[in-house]
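> pasting the sequence and the predicted model now:
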Amino acid sequence: MTADQDGFGNGGGSRGSRYDQARYVDDGQYEPLLSEKDRTRVEIDGDDSPLPDDLTRDSLELPELSEPELARHYTRLSQMVYGIDSGPYPLGSCTMKYNPKFTEDVAALPTAAVHPDRSDRSIQGALELMYRLQDYLGRIGGMDAVTLQPPAGAAGEFVGIRVAAAYHEHNGEDHRDEVIIPESAHGTNFATAALGGYDVVSLPSNDAGRVDLDALEAALSENTAALMLTNPNTLGLFERDIAEIAEMVHDVGGLLYYDGANLNALLGRARPGDMGFDVMHYNVHKTFATPHGGGGPGAGPVGVVGDLAPFLPAPRVREDGSGKGTEPAYELFDPEHTIGKVHGYHGNWLVLVKAFAYIARLGDEGLLDASAKAVLNANYLASQIEYDVPYGPFHHEFVASAGDQDAADVAKRMLDYGVHPPTTKWPEIVPEALMTEPTEVEGKDTLDRLAAAFDAVVAEDDETLEAAPDRTTARRIDQTSAARNPRLSWQALDDE
Amino acid sequence: MHGTDTTGSPYAPHTADEQAAMLEAIGVDAIDDLFDIPADVQFDDEFGIDARTERETRRLVRSVLGRNDDLTELLGRGHYGYYVPSLVDHLADRSEFLTSYTQYQPEISQGFLQALFEYQSLLVELAGLEIANCSMYDAATALGEAATLADRVRETSGHRVLVPDLLLDGRKSTLSNYVAGTDLEIETYPMDDGNVDLAALEERVDEECVMVYAENPTVRGTIEERLDAIGDIAADRDALFVLGSDPIALSLLRRPADVGADVVVGDASVLGLPTSYGMGLGLFACREEYLRQVPGRLVGASEDATDRRAYTLTLQTREQHIRRERATSNICTNQAWVALRTAMHAAYLGPSGMIDLAKRGVTRAEDLAARLDPIVGVKAPVHDRRHLREFVAHVDQPAAAVAADLETYGFAVHVIDDHLLQVCVAGVPDDRVDAFVEAIEGVMG
């Protein structure tokens, strides 16, 4: 199909097709695809190609639109996206904080745009920033050494698992083939342990929503490589027995892994390293307020205690001793028993720049206050809603139960009240879970508005909920048909 | 009220009165009462990180990054300084895009979902394969995911993965980590004058191979001349043929689907991102038969309750948040915003612009090599092949010393051996190329 055939463009690659927004809505879509505005096929032939035909493709067919048309297309698309700048986003476990604007500016500095193969001596600025960020994160987590390489939290988990495996192997303990994970843990923990080649031992919670020490005792053995835990856990509950848990894991020779997804609750009040964790990842896009970008990029630096430092990914940054006065010099180096690399280069560098700027802006007082307000907000919101909140006391997030209502429908209906809903149906230990994390950036008025949305929905019948949303850009979307009849590109739509 | 106030979080809006009202509503006297942390694990010290005003922080970062030397980078290998149009910065930076998260609620995320659907479609056109996901971290991790996919879909008797011996260290090492928890074994095959040594490859591929990986262009910038033969060798032994490439190369070079590729991986951030110290965007496209085994997120078209077309994340039963340890991958947060930028840049260029950029990569590399070759003590290119964007040059003097001297002239190049340099023209303005030729004349003279 070409632009000519569908009548949307002038065809033939000429720029200047027009479209009328209302017309497309009437045509059964909210915004046409670029391919529906224009599709131009450009032939590649030997005459004006610097390559012989047998090395080239025959043609390329893509939209060819003018810059103003593209500006309108993407502006229109952005208007159909809800971000933290649009309103509250209390998506439990995701820590959707407001992202300060100045960090975008510093990440966009021309001096941040360096090639990863530059010599150490020519990028002292990049190395210094990484060194200082390693140092910041080490202090915040109570860890002795930090790598910035993992490009996301799950990648950080993978580094943790690989480092644990390398450590055990180095000690002649490669028989350790089990990783213990609480049932309420993030799904990535299970997938990461499996990717690392481990058998997953699932750990049930006790009646209070915390690690069941008897179950842990039963799960631990000489085969235990690690226990993966987050604290506070996904119910927002602090694992008060953490010192004992650490001792139990260490007694059998296992390592304790901290999932940093919930670190925002603890800044300046408790540190994973002090609790007995041996290895942890930091979700800088959560705790340190770098934008989530519609699902990434994030960054998942990993901190470890001293014994594990030699196994961290290569390269890391250190001072090389050749610096003069107030300008130390830095170099990349490979840790002695490094596992190698988990990313082609240094991870999501621009995200790291933003995280460094954020931490430098807040300092001790700001970080301490962030967790204070995050915990205040979660507790206040929980106190203001009618839904049952079965466990407590909680820190930065709470899990309410929608009871007889379907949590997914509750979420759809909340969209009609102009707010992003909580995470739904997880963790599964709470029936019809509404996992809610307001973060520190919401004020009382916004929380009251959120509570009003919760309470409006509590009172509504199933029919209303099932018909929701009706005030959003798109109405309820048919997930079943999307999965049953996958159409994953505009080319797939052509075949219909 | 906040402005230059650095006490407390500048992004928490609570006034003292509001805070008091909230504490009263909760029924506690102070925020400290809300923390349920046993004394033995409380942190009572300080981090020792000074708070700063926004202005001070900007100055700090500017001053730290200002220590980077301002060099013209003739560096490539997957990261290029192509000019990124302002359109991309301005529209991708619209805060609705930038500050949203994964599209768990599609009804309020249509714009991002559609942009990702368009990104997937771009890759489908470039690769000629039916499926593309909406991003992995980078080329190295996408290669790792391809290997674990091969392990799942190939019922061969063994677990051998074959990669070129010139594979970039970062990719090789990342791949090794990805397969460390599997039975897969990574082995290399030799290259011949920059391209795959077909005879050697054929000798090494047997029924125990699950995957053969090749790149086009190669790490040395050469264009692979016998891709179809590599595809045949893999297919004959029922091994997956995984091809590494990127959107600009794919705009001009042979279409992966036409040479028997089963999976295409690579770094798509050649479009949309400056050289961000190695930050990338893993592209992943494959044949439809692997749909249920694809790692990462997929956006699909559907309809909403008014029968209008609408988009949603789909086939999530493959993913870690549902399938946990049986998921196809542990990837959760991905590179969605970078994918958006890449799609925008590609849309800006259009098919003509993308092809032109690729063609210029061929002619400019040829031209530069032709200007370097006559310089005494230089042979360029070393490989008697066609090149895209970059090539290897031999220098009589020690390459490391030449590169160090070039830095004093303001240029960065790769050192790959005692006497081998690699030089890339992509994104380098013509006048800087001229200056580089003069610089290398000066260094060699």
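Received the coordinates, thanks. Numbers count the residues shown, from 1 in each chain, chains lettered A, B, ... in the order given.

> partners of A:L60 in the sheet?
A:V42 (DSSP bridges).

> ok, the residue in the stretch 301-450 of chain A that chain B sits nearest to - contacts?
Residue nearest to chain B within the stretch 301-450 of chain A: A:Y345 (2.4 Å; CB to the nearest CB). For every residue, glycine as well, the C-beta is placed using N, CA and C. Counting by CB atoms under 8 Å, 6 or more residues apart in numbering or on different chains, A:Y345 touches A:P116, B:H79, B:D138, B:G170, B:Y277, B:G278, B:M279, B:G280.

> try B:A127
B:A127 touches B:L250, B:R255, B:P256, B:A257, B:A261, B:V264, B:A285, counting by CB under 8 Å, 6+ apart.

> and those, which of them are in helices?
B:L250 (DSSP state H).

> A:A218: which of the contacts of B:A127 is nearest?
B:A285 (45.7 Å; CB to CB).

> so what's A:V114 up against?
The contact partners of A:V114, by CB under 8 Å, 6+ apart, come to A:I123, A:A126, B:N68, B:E73, B:T275, B:S276, B:Y277.

> let's see 6 Å
Residues in contact with A:V114 (CB atoms under 6 Å, 6 or more residues apart in numbering or on different chains) are A:I123, A:A126, B:N68, B:Y277.

> check B:V61 too.
Counting by CB under 6 Å, 6+ apart, B:V61 has contacts A:V106, A:A357.

> how does it look with 7 Å?
A:V106, A:V353, A:F356, A:A357 (CB atoms under 7 Å, 6 or more residues apart in numbering or on different chains).

> for it, pull up the helix or strand it's in.
For B:V61, the host element (DSSP states H and E) is helix B:54-65.

> list the buried residues of that helix.
By neighbour count on 16 or more other CB atoms under 10 Å in any protein chain shown, the buried set for helix B:54-65 is B:E54, B:T57, B:R58, B:L60, B:V61, B:V64, B:L65.

> any idea of the mean pLDDT for that helix?
For helix B:54-65, the mean per-residue pLDDT is 98.

> what of stretch B:244-251?
On average, stretch B:244-251 scores 98.

> number of nearby residues for B:N330?
28 (other CB atoms under 10 Å in any protein chain shown).

> what's opposite A:S401 in the beta bridge?
Applying DSSP bridges, one finds that A:S401 bridges with A:D388, A:A433.

> would you agree A:L109 is in contact with B:S63?
No - assessed by CB atoms under 7 Å, A:L109 is found out of contact with B:S63, at 10.7 Å.

> pull up the per-residue confidence for B:R324.
Reading off the model, B:R324 has pLDDT 89.

> with A:G16 instead?
35.

> over to A:A3?
Taking A:A3 on its own, its pLDDT is 35.

> just say helix, strand or coil for the residue of the stretch 101-250 of chain A found nearest chain B.
Proximity of the stretch 101-250 of chain A to chain B (CB to the nearest CB) peaks at A:G197, 2.6 Å away. What DSSP: H, G, I helix; E, B strand; the rest coil gives for A:G197 is coil.

> what is the burial count for it?
17.

> OK, contacts around the closest residue to it other than its chain neighbours?
Counting by CB to CB, 6 or more residues apart in numbering or on different chains, A:G197 lies nearest to B:G181, which is 2.6 Å off, once chain neighbours are set aside. Neighbouring residues of B:G181 by CB under 7 Å, 6+ apart: A:L195, A:G196, A:G197, A:Y198.
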